[in-house]
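> Need a 3D model of the following:
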Amino acid sequence: MSKDPPRSLRAIEQPAEIERLLALWVAAFDEKSIPARAKPRLRPAATGRKAGCTLWQAKVAGLDMNICLEEVTSDRWRLDHGNQGALALLDGSPVLLRQWYVKRAPADASLTAAEIAQVTEDAPFYVTPGVHRGAPSERRLYQFVADLTATPEAIRQQTAEAIARQAAATEKFGFS
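Residues are numbered from 1 along each chain as shown. From the prediction side, this is the model:
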């Protein structure tokens, strides 16, 4: 069980940087020996459910990591915690993160730190947006998916470990 409290990471909230970083993640899987079902799928940025929201849809092996940025002003954006994915800085390196939640009846549910500790020793993260609203931003816990400055092999391994952690959490706390 992790003894470390969740660390708060600063969200990356520039659309061009999100495009670049997600492309790095996908490129790490660009190898002929990797089956298509094990490669990330990334849809180009599009308008999301909400007006003023740009959405990137990313998925690998059943793990959704959609990232949505809400436009605050013409040059300022804010991460929308209503989607599973986030990009943030961890000790100066850009990392891909995914919220800890599973499907439960009657609705999807975020996992608590105590539940997360039952499936991994890795401490979860909070992601803090640059522009705050009135509500506390540190209410959704995220798991590490990949360090986007790592080698392609390391990115693939880290992503596989995140998929395994999520599968363990779904088996223990969710239903499929």
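
> contacting residues for residue 13?
69, 76-79, 129-131 (Cβ atoms under 8 Å, 6 or more residues apart in numbering). C-betas here are computed from N, CA, C, even on glycine.

> how about a cut-off of 6 Å?
69, 77, 79, 130 (Cβ atoms under 6 Å, 6 or more residues apart in numbering).

> Select from the residues you listed every entry located in strands.
69, 77, 79 (DSSP state E).

> I'd like to know how many residues surround the last one.
This means residue 79. By other Cβ atoms under 10 Å, 25 other residues sit near residue 79.

> Hmm, it is touching residue 129, no?
Yes - the pair residue 79 / residue 129 is scored as a contact, 4.5 Å apart, by Cβ atoms under 6 Å.

> Toward the C-terminus, what is the element adjacent to the helix or strand of the chain with the lowest mean pLDDT?
Least confident helix or strand of the chain, by mean pLDDT, DSSP states H and E, is strand 108-110 with a mean of 79. Next along the chain after strand 108-110, taking DSSP states H and E as the criterion, comes helix 113-117.
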